[in-house]
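S.K.: Let me see the structure of the following:
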Amino acid sequence: MPSLKSLKVRITSVKSTQKITKAMKMVAAAKLRRAQQAAEAGRPYAERLSAVMASLASKVTVGPQSPKLLAGTGSDQVHLLVVATSERGLAGAFNTNIVRAARKTADALIAEGKTVKFYLIGKKGRAVISRLYPGKIVHQVDQSHIKNVAFSDAHEVSEDLIQRYAAGEFDVAHLFFAKFQSALVQEPTELQIIPVPLAADSGAAAQGASAAVEYEPDEEAILAELLPRNVAVQLFRAMLENAASEQGSRMTAMDNATRNAGDMINRLTIQYNRTRQAAITTELVEIISGAEAL
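M.R.: Numbering: from 1, shown residues only. Predicted coordinates for the structure are as follows:
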């Protein structure tokens, strides 16, 4: 049975931890509001840009002269998985769920005989991926210096990806992030960003929605300018969604940790009182026994 001193020390330690987790929950809650607003504000622009892309692409014939970001390389042998995670932990299952989604896709591609490479944004996925897929990480983006995600951060990553794509390092790029739904729910999401995917029915829908639109210069010239921006916009959206999801997951995790600490303190306090009562009872018995011996 633990001694009274060890129980008292442990209760004090858990109380200190509880104060930390409570403070971290409050900080995450404060950051969540701003991050959620940014993520929700970025969605309409990204979705509308995708619709414009579909409208433009429906008016051109994909061929050798088409932009490479639209036409592709003509092969799908090498796949680059862009895995966006956080720089810090203590965020519940946020990072784990994103990496798990990436692993599922990677294993499926490898089973099909494809070559898989990883491009990491954030460091929390590196340990698992480097262990399971040694030598497959081609680059890691350090975002530890970023407090609030800006479009320039996403643009820098998109330029690097496009340069690697132009150099023939990969044929298809998939982006993995967590779409924010609420503080309790963050949905792991996979999105193909290079080449830009077009749904089979997007052309008809886009034509019906923009039949009276005329483009100047022509559609192919606009696509050449718009396609790289679309990659940056989708990356920016993913970073915003991740920022909100991270804070929501952290707030929930710290709230659970604070509750668990409270439950542990109650159990330890009960154990401490019982141990103290048993010690007092034992001492009384010894005193009484000593008195009777006299």
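S.K.: what packs against the strand or helix carrying K179?
M.R.: K179 belongs to strand 172-180 when assigned by DSSP states H and E. Where contact means 3 or more CB pairs under 8 Å, 6 or more residues apart in numbering; DSSP states H and E, strand 172-180 is packed against helix 4-57, strand 78-84, helix 94-111, strand 186-194, helix 219-293. All C-beta atoms are positioned from the backbone trio N, CA, C, and that covers glycine.
S.K.: Deepest-packed of those, please.
M.R.: Across the helices and strands packed on strand 172-180, averaging neighbours per residue (mean count of other CB atoms under 10 Å) puts strand 78-84 on top, at a mean of 23.
S.K.: Against which helices or strands is it packed?
M.R.: helix 94-111, strand 115-121, helix 151-166, strand 172-180, helix 219-293.
S.K.: That one vs strand 172-180, what angle?
M.R.: Strand 78-84 runs at 20 degrees relative to strand 172-180, counting by axes from the mean of the first three to the mean of the last three CA atoms, to 10 degrees.
S.K.: Kindly calculate the angle that strand 78-84 makes with helix 151-166.
M.R.: Going by the same axes, to 10 degrees, strand 78-84 makes 170 degrees with helix 151-166.
S.K.: so where's the stretch 51-200 of the chain shaky on pLDDT?
M.R.: Across the stretch 51-200 of the chain, the ranges flagged by pLDDT under 70 are 54, 57-65, 198-200.
S.K.: returning to that earlier point: just the C-alpha atoms of the strand holding K179, please, in PDB.
M.R.: Provided in PDB are the C-alpha atoms of strand 172-180 (Å, rounded to 0.1, in the frame of the first residue of the first chain):
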ATOM      1  CA  VAL A 172       0.200  12.500 -59.400                       C
ATOM      2  CA  ALA A 173       0.000  14.500 -56.100                       C
ATOM      3  CA  HIS A 174      -2.500  13.800 -53.300                       C
ATOM      4  CA  LEU A 175      -3.000  16.200 -50.400                       C
ATOM      5  CA  PHE A 176      -4.000  14.900 -47.000                       C
ATOM      6  CA  PHE A 177      -5.400  17.100 -44.300                       C
ATOM      7  CA  ALA A 178      -8.200  17.300 -41.700                       C
ATOM      8  CA  LYS A 179     -11.400  19.100 -42.700                       C
ATOM      9  CA  PHE A 180     -12.800  21.000 -39.700                       C
END
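S.K.: Just send the helices and strands packed on strand 172-180 back as CSV, with distance to V172 too.
M.R.: Output for the helices and strands packed on strand 172-180, formatted as CSV (distance: least, CB to CB, whole Å):
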stretch, distance to V172
helix 4-57, 17
strand 78-84, 5
helix 94-111, 9
strand 186-194, 7
helix 219-293, 13
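S.K.: between those, which gets the lowest average pLDDT?
M.R.: The weakest mean pLDDT among the helices and strands packed on strand 172-180 belongs to helix 219-293, with a mean of 84.
S.K.: quick one: which of the helices and strands packed on strand 78-84 is nearest R33?
M.R.: Between R33 and the helices and strands packed on strand 78-84, the shortest separation by CB to CB is 8.8 Å, and it involves helix 219-293.
S.K.: Give me the helices and strands touching the closest one, please.
M.R.: Using 3+ CB pairs under 8 Å, 6+ apart: helix 219-293 touches helix 4-57, helix 68-71, strand 78-84, helix 94-111, helix 151-166, strand 172-180, strand 186-194.
S.K.: in the shortest one, what's buried?
M.R.: Okay, so that is helix 68-71. Residues of helix 68-71 classed as buried: 69-70 (neighbour count, 16 or more other CB atoms under 10 Å).
S.K.: other SSEs contacting that helix?
M.R.: Here helix 68-71 touches helix 151-166, helix 219-293, going by 3+ CB pairs under 8 Å, 6+ apart.
S.K.: For my notes, please list those helices in a markdown table and give distance to K19 for each entry.
M.R.: Output for the helices and strands packed on helix 68-71, formatted as a markdown table (distance: least, CB to CB, whole Å):
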| stretch | distance to K19 |
| --- | --- |
| helix 151-166 | 33 |
| helix 219-293 | 9 |
